[in-house]
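Engineer: Sequence and predicted structure below; questions after.
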Amino acid sequence: MGEQWGFYFDSEKCIGCHACSVSCSQRHDRDPEKDEWRTVKNVTTGEFPDVSSMPISMSCMHCSDAPCEKVCPCNSIQKREEDGIVVVDRDSCIGCHYCAWACPYGAPTYDDGGLMSKCNLCIGEGPGGGHEMPPREEQEGGGSQPACVDNCVGGAIEAGPISELKDKATTEAVEQFEQEPANVIVEANREENSAFPYEA
Amino acid sequence: MSSESQNGLTRRTLLKAGAGAATMASLGGCADTAEQLGVGSTDRTDTPVADANTAYGNCWMCCHNCAQEVKVTDDGTVVGITGVDGNPRGSAGAGTEGTLCPKGLGQLDKTHDPDRIKQPYIRKNGELQEATWEEAFEYTAQRLKEFDEEHGAETFLDAGSWAETPIFRTIWRDLYGTPERVGRGIHVCAGPTFVNGGMMGIGSNARVPDYQNSEYLIMWGRDPLESFAGQFEAKGILKAIEENDATLVTIDPQYTETAEKSDAWLPIKPRTDGALALAMANVIINEELYDAEFVENETYGFEAYKEAVADKTPEWAAEITDIEADKIRAIARGFAEAAPQAGISVWTGTSQSGNSWKASQNIIALNGLVGNIDRPGGLRLWKSTPTADPFEVCEWTPEGKGSGEARGTDTTIGVDLPNNAAGKTPAFRKYDEYNEYPARHITGMAHNLVPEMVDNDHINGMYCHHDMPLKDGNAEAWLDALDEMDLVIAVDAYWNGVTRNADVVFADATQLEKDTFGTGSWSSYSDKQWVVGGKAAVEPQFNTKPDYEILTGLAEAMGWGEYFPWEDHEEFIDDQLQALDLTLEELSTGDQNYELVGEYGYEQWRDSEGPAFRFDLDQVGSFSKAAEEAGMGTAPEWQPPGTYGDELSEEYPLEFYDIRSVFFSHGSDQGIDRLLEEFARKNGLDSKEYRGNYLHINPADAEPRGIETGDMVTIESETGGGELMAHVTELIKPGVVTSEYGFGEGSTQEDYEGLNTMKLHDTQMDPITGQVDRHLAVAVNGGE
Amino acid sequence: MTAFGLWWGASGKWDIFVAIYLFLGGISGGAFLVASIAEWLGERADHEGYGFITRWGWTLSFGTIVVGSWTLLAHLSGPFLRAFMFPVKFTNWTSWMAVGTWVVVTFSLVVMARMIWATFGAEATDDPSGLPRHVVDRLGNNLFVDWGIDLVDWGADRTRPTGVLRRLVQVGGVGLAIMLVVYTALLLSAVNWMVPLWNQTLLPPLFVGSGFSAGIAMVVAVTYWQNDLDTHLVHRFGLLDDAVIVAEAVVLAALLYTLTTGGYGAARTLDGLTSGFGLVLLVGMVATGLLLPLAISAAQSLAGSGSMLSSRGVTTMKFGLVIAGSFLLRILLIFTAVQQPIIVA
């Protein structure tokens, strides 16, 4: 099995600007009104003035035990051996929407043809891009940089072979990652933001 | 996450279907038709972004020059866009990733947007009709001459802004001879910040501290993680946090993305910033945390300052600002102790209200107090890049130009520009009608008074470029004024309230379609000067022209061709670059389109005479006069909200002001669907059809009015009102409502959806600079 | 201040066709079951009423599964014809949608066979009651039609199983019918970890109960009108229906109870069910499919068989309500389902 690819996300650097969503949408020539492959949402909690609003950017996590792959009746969804990227074969997809019910991250989207498309870690361009592409290369090897990584203003998103991402991440994040089925390392170790550091 | 589909085709798919063999080059005069498409039929499956050609540009969506790297197919379609690594505005500095924010990314959509103005228009018989460039130039020249005869050129208002060539000033001021000018800076952006800064000794540098070297950053009424003048601001702040463990403080009635990343958020009562600043000074002075050496040797007016803050305790301020006294103390101490590696950033949040002058003065004074002036991590005196004035340095041969001795083949250096505005006084200063406005001592125009000037026949016409004024001041009055004006010339890429009401519309090419050259002062390089630029990435789309060609074409028609000896914009730019020993060609080749061209150190005030910093402005003659007329002192002092401008009342109990968003800038991007879509998503209201702006309101104010998120509500001030969609949120202080500006009537949106926040305005302004006061007392109703 | 937030990002959405399909699958299986029961009872008590119910049962079961299969295809958003490639494509056995499609196909074949065996052949020609025999006989005297009918009659008699084979078909058919209804539930509950409303333990019995009761209602009502079914048989099957409805109600109550502890998605589902459109739907479904039919049955018992309450009209209306309730249940389950959020901490 090839080196598994995944994402690394550091919410402390995310400024909720949606550049990743826009960049992804443009790279894959997608209609602005369609559901996004990469979504940014602010998770807001609390009541004024004890509030918080953490921005999160989420796309397909290319899960190691992908529920979408399990429920797709036609085997249209596959987690590739070579690089662990979960891709969809739109030639066999029948648009039953079962994958959307199974996915915790809202990754599957459906276009006017009714077929499913989602993040393919920019291994290809456009819906269905990535199916039958050669193994993902890093930028040095000629591969493209994923659009979301390319334009993340805060530098919150990284993508690459998991082993490399682990090197960049904190220990806590790596530990958390190893317990989850998702191929994404998330830094969400937020300190208690509301505790004003200068209690008189 | 589900969304209703309105139009199943992307812009490009739409064009693909109908494009056929449409050619891309501008047709220079003949066979101009509105049906002409500006993009090729690129099938993305055949031409992936990865394989397309690379070209460069510098972003002009917010007009602050992050560099763009674009992918262009062989037939001239822009299919990919991203930033340039290491770029001064669009990256965090050397060796860092260059990116583009959503606005910058929107340039891709903008370039081939079929909704753009595609060719010139002339108003005939009351209706705008398509015209050729020649016709438009001739007609405009003729109208301008008639205007001069009938009204006098000095009543023509130059409202050009965000142009990408300086020659519009040459044309309107030097050649046409009008002294009337309304721009951004002082008039509609942050007058008090700029002018205070200038008078106090720091220019307009109170806006951008030396982020990357800082250990303590106060974002005062600013949200630079969303509303930045170049992405380097957001990146710089994040870097300071990560590498310097910097403390970040946000002072803002709203909880923004910047507040989210902050160690402390002070949800201040609007327009009370001046009190907070005085209280901080009180603490810093009383606890002797200020830079005594700097204050003693380099500043003027400390005694007056000290006296002014003597009784402004944190307890006093707490009552006024709704911020606990201990918090005020803590911030003051933290800031002073970290100084000089401590900085404050102020811009529109503390500058756009009636009492902003003293608020700004009080805040800026804190910098001088802690001695962070032009020191690493503090208030940086950014140095811009010196460029040559092409009118002075150009080498040209006036063949057949001029008369007498000028005819011939001798090379001449420089252009002998007349100065036809010399000796002409702007109406604001000239006529008695404006004697009640202290600002006339400081500047030549006040935005909100233009409609009155039109009424008085002091202004009869206007030239507007890109930055249309209906979003910056009293829109109702301005719309009437546009009607009344005899001649309105507009240069723009989109239809909006100005172009729709203009007499002549010149179709502007957008950023990637022109040769460009940009520079500025602040950047991610704390001590370096820079330039960015490049040759056009694609041809002007449809039948548009870059603004340089529009202006020189107009000049030619006016008989001023002799003053513009350059062949094209590139030659002009090359002359500008002469001072740096660069050409545009050199700048655009390679894998980046920017250059670092100089270095400068800190503490530049050591090189000049006189105090580096003033607390008290009694030595500034113009200000003393204005201050006296306005009823304020020359030293820092407290002026409560309502001293000038609105006071809350029972009838209008809520405080409204408008805000910005990461998706839009200066009202020029609201025509781009992709950005409107993201904006709706950010507010969680994309499932609604509505794509206008939102009224942000706290549940404490929404519930008694029966308002829920998604309801259409009405908002009214004493002089105007409108309707927009409510967004109920805990992230805003009760008693305050805000909405993003640049929407609604007169905007760049096709259907004017939402509220033009400026319709609430009358002539409220800061008395010293004439800066539009954007804080209004309003009533909000609606729900169900 | 809370230490975490919720990211509601999942995007599952199905349209009315899925609800219709699940309903038709359920009622088809239920109809098959009631037909099987009637057939079994008919072997022990010689009453022609059982035969009517049996025949109508196969026929209605077949009719509903045919329409159901069409709505199943209709909900797909991909190219229409592609779904017909399913024999080749539906090979992911970890997916209930793939397995279930095969169940539907197999069941359809079985119910079609049972229908033909029951309504064609020499015996049926002698006693041409029940669709499609009635329809068949009304088709007119067209040479091809007559020839076709004769062929089917002949085929039915030649292939109709007897003895052990017949038992196998009976039992196998019942198995498939239950499988059919259970699969429509498992299709949903397979993602129970994401959708708390689609409880793995409770949804299958709920669907079986709902499908069975609707099947009984539909078949008995039709037979009542078409063949003037004996009221005592109507009454007996009515009692069976009521019993199933009571069981259904218990399971539904349990299902709603699980929502009080199933995490944030469950809490939000419960919110949706207790306010606005969701509440209307829930109350409507409970009233229509559970409470009103039981109330009418009770009233009918109290009033006695002579009263107006026990008329055919009222009984039919009761059965109609049961069927409507079964449909509303599917709508409820599809449209008020909420997926779990991500907990951001």
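Structural biologist: Nice, I can see it.
Engineer: Closest residue of chain C to chain B?
Structural biologist: Nearest residue of chain C to chain B, counting by C-beta to the nearest C-beta: C:Ser11, 4.1 Å away. C-beta coordinates here come from the backbone N, C-alpha and C atoms, glycine included.
Engineer: What's the local residue count around residue 179?
Structural biologist: Here I'm looking at chain A. Residues lying near A:Gln179 (other C-beta atoms under 10 Å in any protein chain shown) number 6.
Engineer: wrong one, chain C
Structural biologist: C:Met179, neighbours per other C-beta under 10 Å, totals 18.
Engineer: wait, B:Met632 sits on B:Asn355?
Structural biologist: No: in this structure B:Met632 lies outside contact range of B:Asn355 using C-beta atoms under 8 Å: 9.1 Å.
Engineer: These two: who's more crowded?
Structural biologist: Taking other C-beta under 10 Å, B:Met632 and B:Asn355 do not tie; B:Asn355 has more neighbours (26 against 21).
Engineer: residue ranges with poor pLDDT in chain A?
Structural biologist: For chain A, the stretches with pLDDT under 70 are A:1-2, A:180-200.
Engineer: which neighbours do B:Met632 and B:Asn355 share?
Structural biologist: B:Gln639 (C-beta atoms under 8 Å, 6 or more residues apart in numbering or on different chains).
Engineer: At the contact with chain B, which residues of chain C appear?
Structural biologist: Listed as neighbours of chain B in chain C under the rule C-beta under 8 Å from any C-beta of the partner chain: C:9-11, C:13.
Engineer: Name the SS class of A:Gly6, please.
Structural biologist: strand (DSSP: H, G, I helix; E, B strand; the rest coil).
Engineer: ditto for B:Gly57
Structural biologist: strand.
Engineer: Need the pLDDT of it.
Structural biologist: On pLDDT, B:Gly57 comes in at 93.
Engineer: OK, contacts around it?
Structural biologist: For B:Gly57, the contacting residues are B:67-68, B:70, B:107, B:511-512, B:516, B:534, B:536-537, B:593, by C-beta under 8 Å, 6+ apart.
Engineer: Can you tell me which of the residues you listed end up in helices?
Structural biologist: If you go by DSSP state H, the contacts of B:Gly57 have B:Gln107 in helices.
Engineer: list the contacts for the residue nearest to B:Gly198 when sequence neighbours are not counted?
Structural biologist: Excluding the flanking residues, the one nearest B:Gly198 by C-beta to C-beta, 6 or more residues apart in numbering or on different chains is B:Ser204, at 7.0 Å. Counting by C-beta under 8 Å, 6+ apart, B:Ser204 touches B:185, B:193-194, B:197-198.
Engineer: Tell me the buried residues in the helix or strand B:Glu585 falls within?
Structural biologist: For B:Glu585, the element it lies in under DSSP states H and E is helix B:584-588. With burial defined by 16 or more other C-beta atoms under 10 Å in any protein chain shown, the residues of helix B:584-588 counted as buried are B:584, B:587-588.
Engineer: what's the answer for stretch B:413-423, then?
Structural biologist: By neighbour count, with 16+ other C-beta under 10 Å as the criterion, the buried positions of stretch B:413-423 are B:415, B:420-421.
Engineer: Residues contacting it, please?
Structural biologist: Stretch B:413-423 is contacted by residues B:153-154, B:170, B:173-179, B:391-396, B:562-565 when judged by C-beta under 8 Å, 6+ apart.
Engineer: any idea of the mean pLDDT for that stretch?
Structural biologist: Mean pLDDT, computed over stretch B:413-423, is 93.
Engineer: now the end-to-end length of it.
Structural biologist: One end of stretch B:413-423 sits 27 Å from the other (C-alpha to C-alpha, to the nearest Å).
Engineer: Need phi/psi at the residue nearest the centre of chain A.
Structural biologist: Closest to where the C-alpha atoms of chain A average out (C-alpha atoms, centre = their mean) is A:Ser59, at 2.9 Å. Per-residue torsions, A:Ser59: phi -140, psi -170 (degrees, to the nearest 10).
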